[in-house]
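Chemist: Fold the stuff below for me.
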Amino acid sequence: MALPTDDAWTLDFHDAPQPFLDAAGALLAADPVLGSVIASVTQRAARELADGRDSWAEAGAPFERWWVVVRDGHGDVVSAAMRTAPFRPHPTFSMPMPDGAARALAAALHERGEHLGGANGALPGAEVLARATAELSGGELVVDKATRLWECTSVEVPPAPEGRLRRATEADAELVLAWFTAFHAEADEQAGREPDPTAGEHNTLDSVLVRIREGVEWLWELPDGTPAHLTGAGLPSYGVSRIGPVFTPKEFRGRGIASYVVGELTRRGLESGHRMCLFTDRANPTSNKVYAALGYEPTVDMAEHVVGLPDGDSSRGAEVNRLAGR
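Modeler: Got it, this is the predicted structure:
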């Protein structure tokens, strides 16, 4: 569905992944690092539907997921966004977007009665979208997390610690799921934020098994066979593979495992002809320093925003209050 706007932006909405990829493919291919999140998530959704599975049905969201292509007055595709996050408040994720287009998207969602509870992605467009949403709804905007996208073109792999790197297997699924959950909580702690008890709830054993079967989750084993670390390295989308999550339980930290595993998986990706990227939390100086030492360089700053409703909606209101420190 294409919606013209007063600012000469056209919003071309899609409710299925493949038509969106057909429309946005040239944009995603032109800047595949900036588009890596949208591309990888959308391609996974397309694979799921082709296999007869629809994980969105399990999200319990009060709206149908969507993707949007933004066209300028000449009809050229200039940006893209999606609302496919299975976790509350089901934020959008957007590529760099002109301010006028971001405001037009906020207005289009408001007009159809869809409250946008969060907006993530490249700045300043994601913030403009969130702020315009708050203004239209009379709600409150809180910046949840400042993130940074990095790319590595030449990696310095540190010496390997004792142990071995192996792909996770289906037998590891429960451990991987537990570490996914722990990753979210400890990432908040390391950044000096109060841990969100609901973070990671969207991860399920089924979703973990999908990733394991794709071969994208890696474990580091100590010499005695004890798993001590997890790193993901996603399937390439438009030639780009994204590292994450990266998690080491507290009892195994300080041994250089994370630096080595991320460096080694980055090296393998580069040698296979892939571009390699990852996200960091800008409030976590340790991870930023580690990845910079490996050869990763900042590409663009992003942020995660939460938009609350003025009517005291319990879930959204509680989230805004938590982030505001109330």
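
Chemist: going forward, measure contacts between C-alpha atoms and count neighbours the same way
Modeler: OK.

Chemist: Show me the domain layout of this structure.
Modeler: Taking automatic domain parsing as the reference, the chain has its domains at 2-145+306-323, 155-294.

Chemist: Throw the ones you listed into JSON lines and include distance to residue 300, mean pLDDT and mean neighbour count, thanks.
Modeler: Converted to JSON lines, the domains of the chain look like this (distance: least, Cα to Cα, whole Å; pLDDT from 0 to 100; neighbours: other Cα atoms under 10 Å):
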{"stretch": "domain 2-145+306-323", "distance to residue 300": "7", "mean pLDDT": "90", "mean neighbour count": "19"}
{"stretch": "domain 155-294", "distance to residue 300": "10", "mean pLDDT": "93", "mean neighbour count": "18"}
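
Chemist: so where do the strands sit in the stretch 151-300 of the chain?
Modeler: 164-167, 217-221, 227-233, 240-247, 275-281, 296-308 (DSSP state E, counting those that start in this stretch).

Chemist: Tell me if I'm right that residue 61 and residue 91 touch.
Modeler: No - counting by Cα atoms under 8 Å, residue 91 is not a contact partner of residue 61; they are 11.0 Å apart.

Chemist: Any idea how far stretch 237-254 is from the middle of the chain?
Modeler: 13 Å (Cα atoms, centre = their mean, to the nearest Å).

Chemist: Quote the end-to-end distance of that stretch.
Modeler: With Cα to Cα, to the nearest Å as the measure, stretch 237-254 spans 33 Å from end to end.

Chemist: residues in contact with that stretch?
Modeler: 28-29, 32-33, 36, 39-40, 43, 179-180, 183, 228-236, 257-258, 262, 266, 269, 273-279 (Cα atoms under 8 Å, 6 or more residues apart in numbering).

Chemist: The stretch 151-300 of the chain: helices as residue ranges?
Modeler: With DSSP state H, counting those that start in this stretch, the ranges of helices along the stretch 151-300 of the chain come out as 173-190, 205-214, 257-271, 285-294.

Chemist: Save these as JSON lines, and put in distance to residue 250 too.
Modeler: Formatted as JSON lines, those follow (distance: least, Cα to Cα, whole Å):
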{"stretch": "helix 173-190", "distance to residue 250": "9"}
{"stretch": "helix 205-214", "distance to residue 250": "22"}
{"stretch": "helix 257-271", "distance to residue 250": "12"}
{"stretch": "helix 285-294", "distance to residue 250": "14"}
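
Chemist: so how far is residue 26 from the residue nearest to residue 43 when sequence neighbours are not counted?
Modeler: Nearest non-adjacent residue to residue 43, counting by Cα to Cα, 6 or more residues apart in numbering: residue 17, 7.2 Å away. According to Cα to Cα, residue 17 and residue 26 sit 15 Å apart.

Chemist: Check residue 182 too.
Modeler: 37 Å.

Chemist: what does residue 60 give?
Modeler: Distance of residue 60 to residue 26, given as Cα to Cα: 32 Å.

Chemist: just residue 127 next, same as before
Modeler: Applying Cα to Cα, the value for residue 127 to residue 26 is 25 Å.

Chemist: The residue most central in space within the chain in helix, strand or coil?
Modeler: With distances taken as Cα atoms, centre = their mean, the residue of the chain nearest its centroid is residue 37 (5.7 Å). Using DSSP: H, G, I helix; E, B strand; the rest coil, the structure places residue 37 in helix.

Chemist: and what of the one 3 residues further on?
Modeler: Remark: residue 40 carries the secondary structure label helix [criterion: three-state DSSP].

Chemist: likewise residue 13?
Modeler: Here residue 13 is strand, with the state taken from three-state DSSP.

Chemist: Leaving out the residues flanking it, which one is nearest to it?
Modeler: residue 68 (4.3 Å).

Chemist: distance between the helix or strand where the one you found lies and the chain's centre?
Modeler: Taking DSSP states H and E as the criterion, residue 68 maps to strand 66-71. Here strand 66-71 is found 18 Å from its chain centre; the criterion is Cα atoms, centre = their mean.

Chemist: give the contact list for the nearest residue in space to residue 8 that is not next to it in sequence.
Modeler: Leaving aside its chain neighbours, residue 8 sits nearest to residue 73 (5.0 Å; criterion: Cα to Cα, 6+ apart). By Cα under 8 Å, 6+ apart, the contact set of residue 73 is 8, 9, 10.

Chemist: Show me the one of the strands of the stretch 151-300 of the chain that comes nearest residue 109.
Modeler: Closest approach to residue 109 among those is made by strand 296-308 (13.4 Å; Cα to Cα).

Chemist: List the neighbouring strands of the closest one plus their orientation.
Modeler: strand 118-122 (antiparallel), strand 140-152 (antiparallel) (DSSP bridges).

Chemist: send the alpha carbons of the first one over as PDB?
Modeler: Taking Å, rounded to 0.1, in the frame of the first residue of the first chain, the C-alpha atoms of strand 118-122 are listed here in PDB:
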ATOM      1  CA  GLY A 118       9.500   2.500  20.200                       C
ATOM      2  CA  ALA A 119      11.700   3.600  17.400                       C
ATOM      3  CA  ASN A 120      15.300   2.200  16.900                       C
ATOM      4  CA  GLY A 121      17.800   2.800  14.100                       C
ATOM      5  CA  ALA A 122      20.000   5.300  12.500                       C
END
